[in-house]
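>>> model this:
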Amino acid sequence: MKIQLTIIGLGQIGSSFGLALGEQEKLVKRVGFDIVPATASRARKIGAVDETVTYLSKAVNKSDVIVMAIPVDQVREMMEIVTSEMKPGAVLMDTAPIKAKIADWVAELLPQECEYVGLTPAIAPQYLLSDEIGIDAAHPDMFQDGLIAISTPPGTDSSAIKLAADLVRLVGASPLFADLMEMDGLMTATHAVPQIIGAALLNATVDQPGWREARKMAGRAYAEVTGPIVHFGDPGSLTSIALLNRENILRVLDGVIASLQILREDINREDAEMLTERLERAQKGRERWWKERQEGDWAAEGRPKIEKSSAASSIFGDMLRFGGKPRGDDER
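Predicted coordinates for the structure are as follows:
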């Protein structure tokens, strides 16, 4: 018996998730939905899903696991639709870069007999500098040997957490268990604020005095700093992330502004020694992080890498028990 997994949103993350499960056709039926019909058709063509649906209810009410891989500004509305159709025992997951606010919505909307688990994937290092976006950026090894964080509200059924951990292993990654608020803080510094910094530089330069000539000379440094505002989708999603995660965003932005102010003072004082020291420290920090990210030796930190085959051998018995039928009150 197969379990049905429905992926809502077939861009980079959703389609990569489906592609990574492509070897499990005997155990899982992958159903896909995207608000852009051409994207859904493309996902089916590249093998990210086994079938697509036009109407969500046709998939959701039969699904054991539902993964929402959509922009943050679409999550609340989509959750309202999905939770009204979920069958008892089903598990809702999402891949959004904020978790605490989504957990609030879950508490309001999710049926009592269902569960929610938040996923936060880290993409493979070979794709970190790719210019591809959307479904064009989807790859079956997108999460291979990396980490996918698992965050859950208090009281989440342990079987749902194990199910999520097994799915993480099945797509080639290792689970990293993290508190909802902790995850929001981490993603603020590494996901949202870099995009805001890129937007700030663009607004400070594009169409400003001198831009007519500067645009002809802007090179790699400018492209890399401003790139995130394009790579991560519609500005509406970043706006939602910033406002829904306001305290963390302001905290990290204050830190960045303070750091810029320090560099500005070094330049203003013509303090070459201090400026060089700060820039060298930043450069070494970046080199160290890049090396660690490329190597991905997280096993050395106590997180063993687990092959897909070993995960597949035990995962679906628990998934069928948990997601395939309602549980009695004594199992909750």
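>>> Restrict stretch 18-35 to CA atoms and write it as CSV.
C-alpha atoms of stretch 18-35 as CSV (Å, rounded to 0.1, in the frame of the first residue of the first chain):
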residue,chain,number,x,y,z
GLY,A,18,9.5,15.4,-5.2
LEU,A,19,12.6,14.6,-7.3
ALA,A,20,14.4,13.3,-4.3
LEU,A,21,11.6,10.9,-3.6
GLY,A,22,11.6,9.6,-7.1
GLU,A,23,13.2,6.3,-6.2
GLN,A,24,10.4,5.5,-3.9
GLU,A,25,7.6,4.9,-6.5
LYS,A,26,6.6,1.6,-4.9
LEU,A,27,6.1,3.2,-1.5
VAL,A,28,4.8,6.8,-2.1
LYS,A,29,2.5,8.4,-4.6
ARG,A,30,3.6,12.0,-5.3
VAL,A,31,0.8,14.4,-6.1
GLY,A,32,1.6,18.0,-7.1
PHE,A,33,-0.3,21.3,-7.2
ASP,A,34,0.8,24.7,-8.3
ILE,A,35,-1.2,27.9,-8.8
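>>> now it: mean pLDDT?
Averaging pLDDT along stretch 18-35 gives 92.
>>> One more: stretch 295-305?
63.
>>> same deal with stretch 274-290?
Stretch 274-290 comes out at a mean pLDDT of 96.
>>> what residues does that stretch touch?
262-263, 266-267 (C-beta atoms under 8 Å, 6 or more residues apart in numbering). Where you see a C-beta, it was placed from the backbone N, CA and C, and this is true even at glycine.
>>> ok, 6 Å please
Asp266 (C-beta atoms under 6 Å, 6 or more residues apart in numbering).
>>> now stretch 66-85
Everything outside stretch 66-85 that qualifies as a contact, by C-beta under 6 Å, 6+ apart, is 6-9, 13-14, 57, 60-61, 92-96, 105, 109-110, 233, 236-237, 240-241.
>>> Over to stretch 126-136?
Taking C-beta under 6 Å, 6+ apart as the rule, stretch 126-136 contacts 11, 15, 39, 42, 231.
>>> and the end-to-end length of that stretch?
Stretch 126-136 has an end-to-end distance of 15 Å (C-alpha to C-alpha, to the nearest Å).
>>> pLDDT value on His231, please?
For His231, pLDDT reads 75.
>>> Quick check: chain neighbours aside, which residue is closest to it?
Nearest non-adjacent residue to His231, counting by C-beta to C-beta, 6 or more residues apart in numbering: Ile133, 5.8 Å away.
>>> sorry, back to before: of the contacts of stretch 66-85, which belong to strands?
Taking DSSP state E as the definition of strands, the contacts of stretch 66-85 contribute 6-8, 92-94.
>>> Would you mind checking the residues you listed for buried ones?
The neighbour-count test (16 or more other C-beta atoms under 10 Å) marks 6-8, 92-94 as buried among these.
>>> As JSON lines, those residues with pLDDT and distance to Glu280 would be great.
Formatted as JSON lines, these follow (pLDDT from 0 to 100; distance: C-beta to C-beta, whole Å):
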{"residue": "Thr6", "pLDDT": "97", "distance to Glu280": "50"}
{"residue": "Ile7", "pLDDT": "97", "distance to Glu280": "45"}
{"residue": "Ile8", "pLDDT": "97", "distance to Glu280": "46"}
{"residue": "Leu92", "pLDDT": "97", "distance to Glu280": "47"}
{"residue": "Met93", "pLDDT": "98", "distance to Glu280": "42"}
{"residue": "Asp94", "pLDDT": "97", "distance to Glu280": "40"}
